[in-house]
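A.B. asks: Coordinates for the following, if possible.
(chains A, B and C)
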Amino acid sequence: MSPMAVLDVTKRLFKHDIRFRLSLLIFVILLVFAVLSVFSPYDPRSSYYVPINRPPSLSHPLGTNGRGQDLFWMMAFALKNSLIFGLEVAIISRIIAVIVGVIAGYKGGIADQVLIFLCDSFIVLPIFPILIFLKLLTREMSLSTLAVVLALFGWPWDARLIRSQVLSLREQKFTITSIFSGENTWELIFYEYLPHILPIVFATTINNMLWSLGLEITLSVLGLTSLDIPTMGTITYWAVQQQAMVTGVWWWILFPIVFIVLLFTSLYFLFVSMTDFINPRARAIAR
Amino acid sequence: MGSFLKFFFKYFVGRLAVCLLVIFVGVTITFLIPRLIPGANPAETAVRRLQMAGSYLPPESIEKMRDELLKLYGLEGSMAQQYFNYWKELLKGNLGPSFASFPTPVITLISRSLPWTVGLLVLTSIVSWVIGTILGGIASYRSNTLWVKIFEMFSNAVRPIPYYIFALTLLIVFAYILRWFPAGGAYQIGIEPSLSWAFFKSVVQHGFLPALSLIIIGMGSWFLNMRNLTSNIIHEDFVTFAKQMKLKEPLILRNYVMKPAMPAQLTGLALQLGTVFSGTIITEIVFNYPGLGTLAFTAIMQSDYNLVMGITLCSIVAVALATLLVDLLLPFVDPRIQYTGGAT
Amino acid sequence: MNKAEFKKQETVRIEVKDLKAYYTTEQYGITKEVKAVEDVSINIEGSSFLAIVGESGCGKTTLSRVLYGAVDSNLSVVEGKVCYFFGDTKHEVSPKSNSLKNVWWKKISYIPQGSLSALNPVRKLRDIFSDLTTSHGIAFEEPRVKTHLETVNLPSYVLRMYPFELSGGMRQRCVIALATFLNPDVIIADEPTSALDVITQRDILNLLSSIQTDFKSTFIFITHDISLVPGLADIMAIMYGGCIVEFGPTESVFKEPLHPYTKFLLSTIPTIGDKTEKESIPGNPVSLTNPPPGCRFCPRCPLSKEICAESRPRLFEVDSRLHQVACWLYK
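C.D. replies: Numbering: from 1, shown residues only, chains lettered A, B, ... in the order given. Reported below is the predicted structural model:
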């Protein structure tokens, strides 16, 4: 899985899969927008620094909202915070998932049984009610804490995927060859297995981000996260809470929804096109 | 036929036992949780609230009140005694009083909201499952027709969007911009609930958008699920053989592609029933629908533990019963169950 | 209903001419072509039992599918054709047309390789038969089906059962019963006994043989096991790497195998008392995605000459005995 191979795969996907092409473009645009937030002249946590409820214009490309904030820069920050949040959850849960999956798949025996039992118990837990419950107990939760909590819920499914992959890898001839030629377990896992596991890890990362971002939006919109930090969810919360639809400030609710739809759709189609490519039983277009 | 009936009876008893066990565990958990959370002694909180209301109360009255409250909230006596009383009250249909809306019994509050949620969920689950399944089966067989491709694209486009955003968009477009439907409530304020046409019309009008949002999302999901199932089945040997036998295409679609997919699809419905309650909270909040979801949400915001536990218990019972019903349909769809003993 | 009523009145002739059938798949801009059937020519007259023998991956299943006319977007006839003459009517499978489909199951039927999974698991046998009759415009009469089941030695109670309740041999007989129900002139059987135990295998083969004798159907029997052929088939073809390398009456081929590959195959048949060591053919099976330009057996052939690597030999007759071989050794 050298960088050259990855680049080649990306180029091939880009050329032949329209879903990949479009979604990658959209996602890159969103990324650029998020990075733009670095240049913001305004502090994201402050409010009432511009005239309220102004429609989109040259000085305020996306308009301003009822709390006196410039929507353009707020969206940039929201994208950045949401993406970083999603990445935090994804990275932490990937690490847990890979560790659990590899140990369970490779060691087998009691370790496997225990870990599988742990996996299944976590999968069955209804996340949404539990999260709401946690909110009750801790009142306000910072974004980073929420990220950790979600990461603790987000690993079981993918751990199982990685475990089955490792199980099948373990049965392959090259495992025995490697062991007999003196490779120790660490080397085996890192150099031989990882290239096979990485595509799955990458694909599930996107799926995980979809899930965690969805939860973040749902929780924020119910008013359960730190509401003065702009994220895709909190911006929507304020727009709804301040009755943007009724007071005619349509740009306040429209742009967040549009950006959310773009973000999720692009991530989803990236995921779908990549898994289609990785899966050897992908539907082949025959002449 | 006789052996099937015998088997079905055994199967029914088995499934019923599982259902009752789940309810039993659910009841026990809802019993334990409020009693294990530190600092949530509702009797104290209630007394404190009354005291803060400003009225002066002599100490003996406070004691008497505390005792009464403890008894009312089922917190009197040892854990074992409490557990026994809990079951006793449950079987009488008493879930205790609500903390926030004291002294309204929890069961009253629930019974007011329950019909709206149950009606909405039952209707939308059945409609979206049936339509999604049928379309999904046809779609994998005629994957090149236009309407299939459009439907597939639409389902895929809708799938990643968080449900809240989707519901919100529907609300904005149809209630605020187009003004075709009302923006909230279960029926128009002022109309008395009755069997009149006006009331019925009002209910349908108010319930249309929430139902539509659930049906679209549900249908998309069942469509994709069924399509994935059937697109694997299409490559099975028996479908190839059916084609080689030159069986009529509609017959192959019905009996050889869709029927074999039903066990998995029905099981999917059974498994999904448990999660349907989290979805309902969002629906009801977006559309301001006075069902169990809004009730639960406000209860949580008000720290009304009794109400929350009551609603949780009701949902557990509802899900267990619904799963039982779906499970009972399974033997009619999968002949192999008779031999595997109904293992899901 | 006696078997004599079902004897065929019209003669059947099958003519396969220079048949080429390839699999084509395209994915992410890469086209893959598998040249599974290359220049196959066969001629059969009257009701015979033809066996096509070859190892796994030699293209025999593909050939059987093309012979049945079961082509689709993945598998297509690139060149050549398969012609069936049922009395005066002709049906053909060619790159442009496929009229054979019109007479599927009525004049020609197919017994698939995965017979054990060829029956719909959620349908009772009775319903499968009823599906068949409905689709072909015949009324479903249970007595008639039961009589037909007798010809394959199946008890009538299987109609009430689901496929998974039957043993492998019984399921195979069900598939044969379905395939012979409309009394087709030609029956293509693709490895019908591979997944069965030896005793059941012999029963099924005897059954197929008796069907051929009693109903005068023409059988095309695909197998990888050459030892099954004697006593079963009167003509045989050996297939390697998508090409037919030897073709002729079973007796001739066994008495005097011409092609080096045939000789290898025959030498592998174990006989009681024979203690000689069996040699396996050196090298690897030919790749059908990238086949060699000349004779496809050349890389593994101990007797290969220069011409073998350059051009591919066609089938030619040896000693005018209808015994044909595709090998430069005999030109």
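A.B. asks: give me the low-pLDDT residue ranges for the chain?
C.D. replies: In the absence of a named chain, chain A is used. Along chain A, segments meeting pLDDT under 70 span A:1-3, A:136-140, A:279-287.
A.B. asks: not quite, I wanted chain B
C.D. replies: B:1, B:34, B:37-47, B:49-50, B:53-57, B:72-74, B:338-344.
A.B. asks: who in it is up against chain A?
C.D. replies: Counting by CB under 8 Å from any CB of the partner chain, chain B comes close to chain A at B:37, B:156-157, B:159-165, B:168-169, B:172, B:176, B:274-275, B:277-278, B:281-282, B:285, B:297, B:300, B:303, B:312. Just so you know, the C-beta spots here come from the backbone N, C-alpha and C atoms, and that holds for glycine as well.
A.B. asks: Buried ones among those?
C.D. replies: The neighbour count (16 or more other CB atoms under 10 Å in any protein chain shown) marks B:156, B:159-165, B:168-169, B:172, B:176, B:274, B:277-278, B:281-282, B:285, B:297, B:300, B:312 as buried among the residues of chain B next to chain A.
A.B. asks: Roughly how far does residue C:313 sit from residue C:78?
C.D. replies: Separation of residue C:313 from residue C:78 (CB to CB, to the nearest Å): 20 Å.
A.B. asks: who's more crowded, the two?
C.D. replies: The residue with more neighbours, out of residue C:313 and residue C:78, is residue C:313; 21 against 14, by other CB atoms under 10 Å in any protein chain shown.
A.B. asks: I'd say that one and residue C:328 touch.
C.D. replies: Yes: with contacts counted by CB atoms under 8 Å, residue C:313 reaches residue C:328, the gap being 5.1 Å.
A.B. asks: Overlap of the contact sets of those two?
C.D. replies: Common neighbours of residue C:313 and residue C:328, counting by CB atoms under 8 Å, 6 or more residues apart in numbering or on different chains, are residue C:295.
A.B. asks: Helices of the chain, start to end?
C.D. replies: Using chain A here. A:3-16, A:18-36, A:71-107, A:109-124, A:127-138, A:143-154, A:156-171, A:173-180, A:185-187, A:194-221, A:232-241, A:250-278 (DSSP state H).
A.B. asks: I was thinking of chain C, sorry if that wasn't clear
C.D. replies: C:60-68, C:125-135, C:142-151, C:168-180, C:198-215, C:250-255, C:260-267, C:306-310.
A.B. asks: What average pLDDT does the longest one get?
C.D. replies: In this case it means helix C:198-215. Averaging pLDDT along helix C:198-215 yields 89.
A.B. asks: For chain A, what's its nearest residue on chain B.
C.D. replies: Per CB to the nearest CB, residue B:160 is where chain B lies closest to chain A, at 3.4 Å.
A.B. asks: Give the closest residue to that residue in space, chain neighbours not counted.
C.D. replies: residue A:268 (3.4 Å; CB to CB, 6 or more residues apart in numbering or on different chains).
A.B. asks: Would you mind measuring from the one you found to residue B:94?
C.D. replies: 47 Å.
A.B. asks: more crowded one of these two?
C.D. replies: Using other CB under 10 Å as the criterion, residue A:268 and residue B:94 rank with residue A:268 on top: 20 against 15.
A.B. asks: rewinding a little: in contact with the residue nearest to residue B:160: list those residues for me.
C.D. replies: A:23, A:210, B:156, B:159, B:160 are the contacts of residue A:268 under CB under 8 Å, 6+ apart.
A.B. asks: and which of the residues you listed is nearest to chain C?
C.D. replies: residue A:23 (16.0 Å).
A.B. asks: The closest one touches residue A:273, doesn't it?
C.D. replies: Yes: in this structure, residue A:23 is within contact of residue A:273 by CB under 8 Å, at 7.0 Å.
A.B. asks: picking that back up, as CSV, the helices of chain C with mean neighbour count would be great.
C.D. replies: Formatted as CSV, the helices of chain C follow (neighbours: other CB atoms under 10 Å in any protein chain shown):
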stretch, mean neighbour count
helix C:60-68, 24
helix C:125-135, 20
helix C:142-151, 15
helix C:168-180, 23
helix C:198-215, 17
helix C:250-255, 17
helix C:260-267, 19
helix C:306-310, 14
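A.B. asks: Ok, which of those helices comes nearest chain B?
C.D. replies: Nearest of the helices of chain C (CB to the nearest CB): helix C:125-135, 4.3 Å.
A.B. asks: so what's residue A:225 bridging to?
C.D. replies: Following DSSP bridges, residue A:225 is listed with bridge partners residue A:141.
A.B. asks: For it, which residues are in contact?
C.D. replies: By CB under 8 Å, 6+ apart, the neighbours of residue A:225 are A:140, A:141, A:143, A:146, A:216, A:219, A:231, A:233, A:234.
A.B. asks: how does it look with 10 Å?
C.D. replies: Shown in contact with residue A:225 (CB atoms under 10 Å, 6 or more residues apart in numbering or on different chains): A:85, A:135, A:140-143, A:145-146, A:216-217, A:219, A:231, A:233-234, A:237.
A.B. asks: for residue B:227, same thing?
C.D. replies: Here residue B:227 is in contact with B:132-133, B:135-141, B:143, B:148, B:151-152, B:155, B:261 (criterion: CB under 10 Å, 6+ apart).
A.B. asks: among the buried ones among the residues of chain B next to chain A, which are in helices?
C.D. replies: B:156, B:163-165, B:168-169, B:277-278, B:281-282, B:285, B:297, B:300, B:312.
A.B. asks: circling back to that earlier point, take the helices of chain C and lay them out in TSV including distance to residue C:24.
C.D. replies: Below are the helices of chain C laid out as TSV (distance: least, CB to CB, whole Å):
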stretch	distance to residue C:24
helix C:60-68	13
helix C:125-135	30
helix C:142-151	40
helix C:168-180	29
helix C:198-215	34
helix C:250-255	34
helix C:260-267	27
helix C:306-310	27
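A.B. asks: Export those as a markdown table, with columns for distance to chain B.
C.D. replies: Formatted as a markdown table, the helices of chain C follow (distance: least, CB to the nearest CB, whole Å):
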| stretch | distance to chain B |
| --- | --- |
| helix C:60-68 | 7 |
| helix C:125-135 | 4 |
| helix C:142-151 | 14 |
| helix C:168-180 | 7 |
| helix C:198-215 | 17 |
| helix C:250-255 | 28 |
| helix C:260-267 | 28 |
| helix C:306-310 | 38 |
